[in-house]
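Visitor: Mind looking at a prediction? Sequence and model below.
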Amino acid sequence: MVTAKHQQRDARQLFRLCLVNGVVDEGRVREVVRRGVAGGRSGSLGVMSHFLRLVKLDRSRHAATVESAVPLPPEMRADLTAMLGQRYGAGTATTFAEDPALIAGVRIRVGSDVYDGSVAGRLAELEARFR
């Protein structure tokens with residue numbers, strides 16, 4: 001009988017095998033999933049479930065969303081992309097979006113990290129202080 005602890009350990013080992021220079025290799029992930037599904041071993045569904053969770057967590061850690069009130073100039077986009085790549089690793093995918101509700105400034109989200117330099121964020125912070 002395979003326990004949940006063993007499944008988690010096996011999933012972590014499989015996840016580490018998918019890392020190439022600290023970045024998850026999609027081809028290796030696909031191969032692990034293909035073999036895990038085809039293997040039919042006892043507990044393989046639990047291992048694949050934990051493995052998928054680890055891949056999703058890593059993907060969210062390496063996905064950045066930059067929101068601004070107006071479209072950012074190309075040189076500022078390039079600077080932000082380079083800065084986020086240095087801070088979070090070379091595999092960080094950066095997407096840019098416009099949100100007029102921010103009024104002015106920029107909000108950056110990478111995984112669970114949020115850097116809010118927007119006017120709307122500062123107004124919300126000020127409102128929370130007065131409550």
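Guide: That came in fine, so what should we check first?
Visitor: switch to C-alpha atoms for all contacts and neighbour counts from now on
Guide: Fine.
Visitor: ok, residues contacting the strand or helix carrying Leu52?
Guide: Using DSSP states H and E, Leu52 maps to helix 44-61. Identification of contacts with helix 44-61 by CA atoms under 8 Å, 6 or more residues apart in numbering yields 4, 7-8, 10-12, 14-15, 24, 33, 36-37, 88, 92, 110-112.
Visitor: Can you list phi and psi of the nearest residue to Gly89 once chain neighbours are set aside for me?
Guide: Sequence neighbours aside, His62 is the residue nearest to Gly89 in space, at 7.5 Å (criterion: CA to CA, 6 or more residues apart in numbering). When quoted as degrees, to the nearest 10, the phi and psi of His62 stand at phi -110, psi 30.
Visitor: tell me which residues in the helix or strand that contains Arg34 are buried?
Guide: Assigned by DSSP H and E, Arg34 belongs to helix 26-39. By 16 or more other CA atoms under 10 Å, the buried positions in helix 26-39 come out as Arg28, Val29, Val32, Val33, Gly36.
Visitor: And the residue nearest the centre of the protein?
Guide: The centroid of the chain falls nearest to Ser60 when counting by CA atoms, centre = their mean (1.4 Å).
Visitor: that older thread, what is the burial count for the residue nearest to Gly89?
Guide: The local packing of His62 (other CA atoms under 10 Å) involves 21 other residues.
Visitor: Return the distance of Arg28 relative to Arg77.
Guide: 31 Å (CA to CA, to the nearest Å).
Visitor: among the helices and strands of this structure, which has the poorest mean pLDDT?
Guide: In the chain, no helix or strand scores lower on mean pLDDT, DSSP states H and E than strand 23-24, which sits at a mean of 86.
Visitor: Give me the contacts around it.
Guide: Outside strand 23-24, the residues touching it (CA under 8 Å, 6+ apart) are Cys18, Val55, Asp58, Ala90, Gly91.
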